[in-house]
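S.K.: Here is my input, please return the structure:
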Amino acid sequence: MTKSLQDKVVIVTGAGRGIGREIALLCASEGAKVVVNDPGVASDGSGTSAAPAEEVVEEIRKHGGTAVANFESVSEAIPASKIVKAATDHFGRLDGVVNNAGILRDMIFHKMSIEAFEAVIKVHLMGSFYVAHSAARLFREQESGSFVHFTSTSGLIGNFGQANYAAAKLGIVGLSKSIALDMGRFNVRSNCVSPFAWSRMIGTIPAETEAEKERVERMKRMGPEKIAPVVAYLLSDASKDVTGQIFAVRMNEIFLMGQSRPLRSVHRGEGWTPQTIAEHAMPALKPSFYKLDRSADVFGWDPI
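M.R.: Down below sits the predicted model:
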């Protein structure tokens with residue numbers, strides 16, 4: 001079988017562990033030259049270690065693939081640009097970027113520190129922007145390229161104690177759609193993946209109630225290797241007509257997620273007052289209100 005990423009050059013951020021690791025390994029096995037980026041931080045962003053990225057590169061090379069390790073942080077513009085430079089310095093070009101790097105600082109909203117909010121935004125949202133923005137100029141010049149950004153149902157649907165993470169992940173959806181709109185004329189694609197998989201970050205989420213503990217056990221059955229094929233496909237030429245979309249992946253299930261569109265409208269020829277809105281508009285719209293669902297409420301069945 002033809003390898004779907006033969007001779008392409010791909011950056012995978014946060015590739016030292018979990019989902020990123022599996023993406024890097026699969027991309028390499030599909031013929032890509034991979035920049036394995038990971039500063040080796042803890043799940044909360046503290047500390048550094050070269051070992052995770054180096055171990056993934058060693059495994060790729062052991063199986064005959066081509067890869068180079070990179071330890072820069074995505075959370076600052078200049079270091080993030082060096083990730084892109086690593087691709088061009090080592091391999092002479094760049095064809096795909098996977099914005100997977102992330103940290104968690106979960107806390108109920110009124111107790112969340114400003115530092116915890118900003119730290120998560122910087123890695124997830126700003127990091128995705130910094131790396132994508134640096135790569136975009138290359139993609140524009142060569143008139144080709146693919147971005148795959150990681151979002152989450154914590155932002156798409158909702159979750160407790162993750163205002164920082166949810167804001168970042170929903171912001172990434174807007175970023176991806178804007179890139180798809182702005183760069184489509186240059187044959188550049190941009191899509192989002194929302195993963196359901198057991199990872200080091202998911203392992204930090206508290207599980208106190210029986211329902212939460214059962215959810216964690218279900219998550220443990222969903223390996224990160226299940227996410228990688230969709231990402232590899234989106235990086236490949238086979239996805240040349242796929243852009244501006246959001247895909248959720250859960251075990252062997254792939255979901256095309258909805259994007260915000262009008263549900264229902266009301267009209268009043270003479271305009272509205274606060275009183276008529278209360279009397280007429282809200283009662284008409286209320287049947288279509290979204291519930292305060294969490295991800296587990298929407299995806300309530302066992303993974304397949």
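
S.K.: Is it correct that residue 112 is in contact with residue 165?
M.R.: No - applying C-beta atoms under 8 Å, one finds residue 112 not in contact with residue 165, separated by 10.4 Å. All C-beta spots, glycine's among them, are computed from the backbone N, C-alpha and C.

S.K.: Mutual contacts of those two, please.
M.R.: Listed as contacting both residue 112 and residue 165 by C-beta atoms under 8 Å, 6 or more residues apart in numbering are residue 105.

S.K.: And these two? Which one has more around it.
M.R.: Legend: neighbour count by other C-beta atoms under 10 Å for residue 112 and residue 165, higher for residue 165 (25 against 17).

S.K.: Pretty sure the more buried one sits against residue 124.
M.R.: Yes - using C-beta under 8 Å, residue 165 is in contact with residue 124, at 7.1 Å.

S.K.: and for these two, which residues touch both?
M.R.: Between them, residue 165 and residue 124 share no contacting residue, judged by C-beta under 8 Å, 6+ apart.

S.K.: Which helix in this protein has the most residues?
M.R.: helix 163-183 (DSSP state H).

S.K.: residues in contact with stretch 15-23?
M.R.: With contact meaning C-beta under 8 Å, 6+ apart, stretch 15-23 is reached by 12-14, 24, 34, 36-38, 40, 51-53, 55-56, 98, 100-101, 150, 195, 197, 199-201, 223-225, 227-228, 231-232.

S.K.: one more time with 7 Å
M.R.: Stretch 15-23 is contacted from outside by 12-14, 24, 36-38, 40, 52-53, 56, 98, 100, 195, 197, 199-200, 224-225, 227-228, 231, using C-beta atoms under 7 Å, 6 or more residues apart in numbering.

S.K.: Next: stretch 267-280.
M.R.: Residues from elsewhere that reach stretch 267-280 (C-beta under 7 Å, 6+ apart): 266, 281.

S.K.: what residues are up against residue 26?
M.R.: 228, 229, 232.

S.K.: Just name the shakiest helix or strand of this structure by mean pLDDT.
M.R.: Ranked by mean pLDDT, DSSP states H and E, the helix or strand of the chain with the weakest confidence is helix 210-220, at a mean of 72.

S.K.: Can you dump the C-alpha atoms of that one in PDB for me?
M.R.: Taking Å, rounded to 0.1, in the frame of the first residue of the first chain, the C-alpha atoms of helix 210-220 are listed here in PDB:
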ATOM      1  CA  GLU A 210     -19.200   7.100  41.300                       C
ATOM      2  CA  ALA A 211     -20.400   8.500  38.000                       C
ATOM      3  CA  GLU A 212     -17.000  10.300  37.500                       C
ATOM      4  CA  LYS A 213     -15.100   7.200  38.400                       C
ATOM      5  CA  GLU A 214     -17.100   5.200  35.900                       C
ATOM      6  CA  ARG A 215     -16.400   7.800  33.200                       C
ATOM      7  CA  VAL A 216     -12.600   7.700  34.000                       C
ATOM      8  CA  GLU A 217     -12.700   3.900  33.600                       C
ATOM      9  CA  ARG A 218     -14.400   4.300  30.200                       C
ATOM     10  CA  MET A 219     -11.800   6.800  29.200                       C
ATOM     11  CA  LYS A 220      -9.000   4.400  30.100                       C
END
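
S.K.: immediately after it, which helix or strand?
M.R.: helix 228-235 (DSSP states H and E).

S.K.: now for that following helix, which elements pack on it?
M.R.: For helix 228-235, the packing partners by 3 or more C-beta pairs under 7 Å, 6 or more residues apart in numbering; DSSP states H and E come out as helix 18-29, strand 145-150, strand 188-196.

S.K.: Distance to residue 117 added to those, as TSV?
M.R.: Listed next are those as TSV, based on distance: least, C-beta to C-beta, whole Å:
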stretch	distance to residue 117
helix 18-29	23
strand 145-150	19
strand 188-196	21
